[in-house]
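Chemist: Pasting the sequence and the predicted model now:
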There are 2 protein chains.
Amino acid sequence: MPFISDLVAAWQKNDSLLCVGLDPDPAKFSVHLQEREDAIYEFCKAIVDATADLACAFKPQIAYFAGESAEAQLEALIDYIHAEHPDIPVILDAKRGDIGATAAQYAREAFVRYQADALTVNPYMGFDSVEPYLEYADCGLIVLCRTSNPGGSDLQNLTVEGGRRLYQHVAQLVAEKWNKHGQAALVVGATFPAELADVRSIVGDLPLLVPGIGAQGGDVQATVTAGKTASGLGLMINSSRAILYAGKGEDFADAARKVALATRDEINRYR
Amino acid sequence: MPFISDLVAAWQKNDSLLCVGLDPDPAKFSVHLQEREDAIYEFCKAIVDATADLACAFKPQIAYFAGESAEAQLEALIDYIHAEHPDIPVILDAKRGDIGATAAQYAREAFVRYQADALTVNPYMGFDSVEPYLEYADCGLIVLCRTSNPGGSDLQNLTVEGGRRLYQHVAQLVAEKWNKHGQAALVVGATFPAELADVRSIVGDLPLLVPGIGAQGGDVQATVTAGKTASGLGLMINSSRAILYAGKGEDFADAARKVALATRDEINRYR
């Protein structure tokens, strides 16, 4: 099924707008895992099993796997999610941005090798850096728009011709031109709710992946109010560290579940 | 030695501004290589050996390795270059763009795991997406500025506040703020020589990595004239496909060498 349909189904099935970010940092793992060769896989698998009925998506961040030479564990993890939790789409967070033949290789990496359902990409190189991914008609493409970090303003907040900000321009480009086959979504950070509302007003019901709550300090009520669609959907609100490292002991997955449940429910209070 | 010093030494030692791009596509390999399990490594190794005295840098494009699950071959290739051709710096072309802890993981991937001397990065997320790399004081950071693809204009050519184009703003940001420790360079495509000249006027002697000649059609004379510094240096003019696939038979490396030599010499005519 297309990513967007899977996402809508997961929103409804789990009554959840929570995206669980998988940023596995072995230095933060429970001691009982740290000795294992497949610690990253085992850690993420436990998190996935503990939160699969509470999430609308899982989002592994490829940098954490690449930094640890753990590509095989990432393949195994996504295989596992598809096998055991087939209703929950997997977003590979890689923020790829390159053109033509190179983008085609990144698309193979994401959608063939890793079997991801969606990929995050960077818009700086323009439409032909996005086009090769669109051939994978069932896969989602989540374009960086307004990010939640302080330096996000360095470029994204510049006023461009026509009087809009660069992130508004990107939002409009994606909604009107790049979303040719209904595969697109946007990344918009939680730390600027007014801008989230602004993007929502530009892009209609396009799904928004929203990092920045939890450890990064974004306010849940403001985020949901600003970003939801009229039907109370439209958001993948990501939390990574606050869930993954809620507990430091052998019961880390139970602790993660508690935080995920509380976060999902808090989100739902404001839908 | 710092990347920038290595680059200057390689410019001078090989009398060359040619960067050899390593974009290995197994479908284009000589038949005698295609059966081999380490075909990507063997292909690139042959290209490297055939061109090491003609190049100022090698630039493996990580997407080609990731799409083929060939991370181990990339590690082996960079090890080989450092061991056999230690004077030629290696630029990992990955166009990474992410923040904080995630960027720190990408930095580990590029500079610790792969032992690259420099990395290409994307500026869209701003300074804190670049900062973690700067801790690797000997490593170069090559920031996307103006790319050679048609869609490059979608964002980079927008007029931003102050009346400049976005790529000019990026050039100035990098030259004045992000280049804190002298590690920075910029990517500027060869297909727009006037813009290359413009970036050169903004950034002083900062090195520019210039894709777009060869298969992508950029004019060598116009590129060198527009981009060189007063001392006839300052450029890493990249050619990938035109060199890599100059020959299709077992003598592909000889054919590659001929094209690399002709390209280096053509560049030198206009310095």
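Modeler: Now that the structure is in, tell me what you want to look at. Predicted model only: the values in this text are computed from it and were never measured.
Chemist: Buried residues, the helix ranked longest in chain A. List them.
Modeler: Using DSSP state H to assign secondary structure, the helix with the most residues in chain A is helix A:252-269. Residues of helix A:252-269 classed as buried under the neighbour-count rule (16 or more other Cβ atoms under 10 Å in any protein chain shown) are A:252-253, A:255-257, A:259-261, A:263-264, A:267. Any C-beta I mention is one placed from the backbone N, CA and C, and that applies to glycine too.
Chemist: what about A:Thr102, which helix or strand?
Modeler: In the assignment (DSSP states H and E), A:Thr102 maps to helix A:100-107.
Chemist: and that helix, average pLDDT?
Modeler: Per-residue pLDDT over helix A:100-107 has a mean of 94.
Chemist: Please name the nearest non-neighbouring residue to A:Ser153.
Modeler: By the measure of Cβ to Cβ, 6 or more residues apart in numbering or on different chains, the closest residue to A:Ser153 outside its immediate chain neighbours is B:Gly126, 6.6 Å from it.
Chemist: now swap in A:Ala70 and tell me
Modeler: In space, A:Ala70 is closest to A:Ile40, 4.9 Å off (Cβ to Cβ, 6+ apart).
Chemist: where do the strands sit along the stretch 101-250 of chain A?
Modeler: A:118-121, A:140-146, A:184-188, A:208-210, A:235-239 (DSSP state E, counting those that start in this stretch).
Chemist: Can you name the residue of the stretch 151-271 of chain A nearest to chain B?
Modeler: When scored by Cβ to the nearest Cβ, the stretch 151-271 of chain A has A:Gly151 as its residue closest to chain B, at 2.7 Å.
Chemist: and the gap between the residue nearest to A:Ala70 and A:His169?
Modeler: Note on A:Ile40: its distance to A:His169, by Cβ to Cβ, to the nearest Å, is 38 Å.
Chemist: Check the closest residue to chain B within the stretch 1-150 of chain A and give its pLDDT.
Modeler: Residue of the stretch 1-150 of chain A nearest chain B, by Cβ to the nearest Cβ: A:Gly126 (2.7 Å). A:Gly126 carries a pLDDT score of 97 in this model.
Chemist: Counting neighbours, what do you get for it?
Modeler: A:Gly126 has 22 neighbouring residues, counting by other Cβ atoms under 10 Å in any protein chain shown.
Chemist: pretty sure it contacts B:Arg146?
Modeler: No. A:Gly126 lies out of contact with B:Arg146 (Cβ atoms under 8 Å); the separation is 11.2 Å.
Chemist: who touches both of these two?
Modeler: Common neighbours of A:Gly126 and B:Arg146 are listed as B:152, B:156 (criterion: Cβ atoms under 8 Å, 6 or more residues apart in numbering or on different chains).
Chemist: A:Cys19 sits in which helix or strand?
Modeler: strand A:18-22.
Chemist: Can you spell out which helices and strands pack onto that strand?
Modeler: Helices and strands touching strand A:18-22, by 3 or more Cβ pairs under 8 Å, 6 or more residues apart in numbering or on different chains; DSSP states H and E, are helix A:39-51, strand A:57-60, strand A:235-239, helix A:241-244, helix A:252-269.
Chemist: tilt between the longest one and helix A:39-51?
Modeler: So the one you mean is helix A:252-269. Orientation check (axes from the mean of the first three to the mean of the last three Cα atoms, to 10 degrees): helix A:252-269 against helix A:39-51 gives 50 degrees.
Chemist: tell me which strands and helices helix A:252-269 is in contact with?
Modeler: In terms of contacts (3+ Cβ pairs under 8 Å, 6+ apart), helix A:252-269 is packed against strand A:18-22, helix A:39-51, helix A:220-227, strand A:235-239, helix A:241-244.
Chemist: which residues of chain A score low on pLDDT?
Modeler: Counting by pLDDT under 70, chain A shows low-confidence ranges at A:215-216.
Chemist: Give the closest residue to A:Thr51 in space, chain neighbours not counted.
Modeler: Spatial nearest neighbour of A:Thr51, chain neighbours left out: A:Ala260 (4.4 Å); criterion: Cβ to Cβ, 6+ apart.
Chemist: With A:Val121 instead?
Modeler: Leaving aside its sequence neighbours, A:Val121 sits nearest to A:Arg96 (Cβ to Cβ, 6+ apart; 5.1 Å).
Chemist: The one you found against A:Met125, yeah?
Modeler: No. Using Cβ under 8 Å, A:Arg96 is not in contact with A:Met125, being 10.0 Å away.
Chemist: Would you confirm that A:Ala246 contacts A:Phe252?
Modeler: Yes. Counting by Cβ under 8 Å, A:Phe252 is a contact partner of A:Ala246 at 7.2 Å.
Chemist: Within range of chain B, give me the residues from the stretch 101-250 of chain A.
Modeler: Within the stretch 101-250 of chain A, the residues that sit near chain B (Cβ under 8 Å from any Cβ of the partner chain) are A:101-103, A:105-106, A:108-109, A:112-113, A:122-131, A:144, A:147, A:149-156, A:158-161, A:166, A:169-170, A:173.
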